[in-house]
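Novice: Fold the following.
(one chain, ligands or ions: 1)
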Amino acid sequence: MTQGHRFDAELVAVTKRYGHGAPAVDAISLRIPRASYCCLLGPSGCGKSTTLRMLAGHEEVSDGAILIHGAEITKAAPVARGTSMMFQDYALFPHLTALDNVAFSLKVQGVSKLERRARAREYLQLVQMDHLADRLPNQMSGGQQQRVALARSLITRPKVLLLDEPLSALDPFLRIRMRAELKRIQKELGISFIHVTHSQDEALALADLVVVMNNAVIMQAGTAREVFETPQNAFVAKFLGGHNVVETATGRASVRADQCVIGKRAGMRALDGKVAMIEYQGTSVRITLEAAGHDDLTALVPTAVYFDHALELGSACTLSWNAADEHPLQG
Ligand SMILES: Nc1ncnc2c1ncn2[C@@H]1O[C@H](COP(=O)(O)OP(=O)(O)OP(=O)(O)O)[C@@H](O)[C@H]1O
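Specialist: This is a model prediction of the structure:
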């Protein structure tokens, strides 16, 4: 049923148990619409890599079902699923050129030399590496090796590409460039990418669908704007950063740090504390307050505004916000 499917990938109450302890993945359900860039985001140990490995078929599913393009593949062999995995350490063959690394899986499939070289060139072009086709991995930079690894995982024409922390080995500059490339390539191919990351920025920048996980379950799934602007619970608000979680008369609420101001203002909600940290961030200054009975509170103040009223570390100060900017949390 590869025609007419609505979702490139579906997880139906998927559980993974290792031994007798708490499950690593606990009955998660997720639908990834066609041609989506999906990021699985969460802290270390939340179960995101296990979820990816179950999609790839590198890990058995304890309970539940996985579908790719509408067809169940829960127990299918990795090569029979229509998925391909790109790993954190690109694991290129050191003795093969870029071209031969990319062509390798076609060789295993018995594709003729002429055709596999032609297809490998096509995929090297896609990742803008055709000019270095004859280089060996140790003659390429980390970013270049990664492009080759990407071409290598795409040449089998997967329905869904799985990426396990693909940018974590790159320096910050290259990471931002490569993430733009990943997005471009995903849109160009029109297939879904499922990308595991613990970086909030990366997920928000890349994903059509952000899936925030914690403790083996999905805490929220939605567009980047949905999860950032309307977090459903305190975990999502705190993990994405840039939010304060406050207790109000009607329960818990989140309020964005960039919608908070320092100082008492008429008609605004206020919490008193003292200045614990002042961090210059270029266009804004992040001020962290310690307040009794609360986790640290932060205000993100435009730089020019901050330097009109610079603060002293340890001094008393008030965080204020408009009630209208509060967003109620479900937990
Ligand atoms: N082979 C295994 N045997 C036993 N427990 C495992 C195994 N693999 C993972 N786990 C456990 O399952 C849970 C989820 O692990 P997983 O690797 O999926 O987390 P993660 O979110 O990808 O973390 P990280 O970002 O650190 O890779 C963890 O508690 C981990 O210790």
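
Novice: Mind giving me the packing neighbours of the helix or strand harbouring residue 67?
Specialist: Using DSSP states H and E, residue 67 maps to strand 63-68. Applying 3 or more C-beta pairs under 8 Å, 6 or more residues apart in numbering; DSSP states H and E, one finds that strand 63-68 makes contact with strand 7-16, strand 25-33. Just so you know, the C-beta spots here come from the backbone N, C-alpha and C atoms, and that holds for glycine as well.

Novice: cutoff 7 Å now
Specialist: The contact analysis (3 or more C-beta pairs under 7 Å, 6 or more residues apart in numbering; DSSP states H and E) places strand 63-68 against strand 7-16.

Novice: Now the strand it packs on - C-alpha only, CSV.
Specialist: Written as CSV, here are the backbone C-alpha positions of strand 7-16 (Å, rounded to 0.1, in the frame of the first residue of the first chain):
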residue,chain,number,x,y,z
PHE,A,7,1.6,9.1,6.7
ASP,A,8,5.2,8.2,5.8
ALA,A,9,5.6,6.6,9.2
GLU,A,10,3.3,5.6,12.0
LEU,A,11,4.1,4.3,15.5
VAL,A,12,1.1,2.6,17.2
ALA,A,13,1.5,2.2,21.0
VAL,A,14,5.1,1.1,20.5
THR,A,15,6.9,-0.1,23.6
LYS,A,16,10.4,-1.3,24.2
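
Novice: buried residues in the strand holding residue 67?
Specialist: 64, 66-68 (16 or more other C-beta atoms under 10 Å).

Novice: Which pair of those residues spans the longest distance?
Specialist: Greatest spacing in these, by C-beta to C-beta: 64 and 68 (14.3 Å).

Novice: Now for the residue in the stretch 51-200 of the chain positioned nearest to the ligand: which residues touch it?
Specialist: Residue nearest to the ligand within the stretch 51-200 of the chain: residue 198 (5.2 Å; C-beta to the nearest ligand atom). By C-beta atoms under 7 Å, 6 or more residues apart in numbering, the contact list for residue 198 reads 42-44.

Novice: picking that back up, just the angle for the strand holding residue 67 relative to strand 25-33, thanks.
Specialist: 20 degrees (axes from the mean of the first three to the mean of the last three C-alpha atoms, to 10 degrees).

Novice: For strand 63-68, which outside residues touch it?
Specialist: In contact with strand 63-68 (C-beta under 7 Å, 6+ apart) are residues 9-15, 27, 54-55, 72-74, 81-83, 159-160.

Novice: Buried ones among the residues you listed?
Specialist: Here, 16+ other C-beta under 10 Å leaves 9-12, 14-15, 54-55, 73-74, 81-83, 159-160 buried among the contacts of strand 63-68.

Novice: Just the buried ones among the contacts of residue 198, please.
Specialist: Buried members of those, counted by 16+ other C-beta under 10 Å: residue 42.

Novice: ok, and of the contacts of residue 198, which contact the ligand?
Specialist: Taking C-beta under 6 Å from any ligand atom, the overlap between the contacts of residue 198 and the neighbourhood of the ligand is 42, 44.

Novice: ok, the contacts of residue 198 vs the ligand, which is closest?
Specialist: residue 44 (3.4 Å).

Novice: And the closest one, its phi and psi?
Specialist: Per-residue torsions, residue 44: phi -60, psi 130 (degrees, to the nearest 10).

Novice: Using PDB, write out every CA atom in stretch 45-57.
Specialist: Written as PDB, here are the backbone C-alpha positions of stretch 45-57 (Å, rounded to 0.1, in the frame of the first residue of the first chain):
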ATOM      1  CA  GLY A  45      18.000   8.500  28.200                       C
ATOM      2  CA  CYS A  46      14.400   9.600  27.200                       C
ATOM      3  CA  GLY A  47      14.100   6.900  24.600                       C
ATOM      4  CA  LYS A  48      14.600   8.700  21.400                       C
ATOM      5  CA  SER A  49      17.500   6.600  20.000                       C
ATOM      6  CA  THR A  50      15.600   3.400  21.000                       C
ATOM      7  CA  THR A  51      12.600   4.700  19.000                       C
ATOM      8  CA  LEU A  52      14.800   5.400  16.000                       C
ATOM      9  CA  ARG A  53      16.500   2.000  16.200                       C
ATOM     10  CA  MET A  54      13.100   0.300  16.300                       C
ATOM     11  CA  LEU A  55      12.100   2.200  13.200                       C
ATOM     12  CA  ALA A  56      15.300   1.000  11.500                       C
ATOM     13  CA  GLY A  57      14.800  -2.600  12.700                       C
END
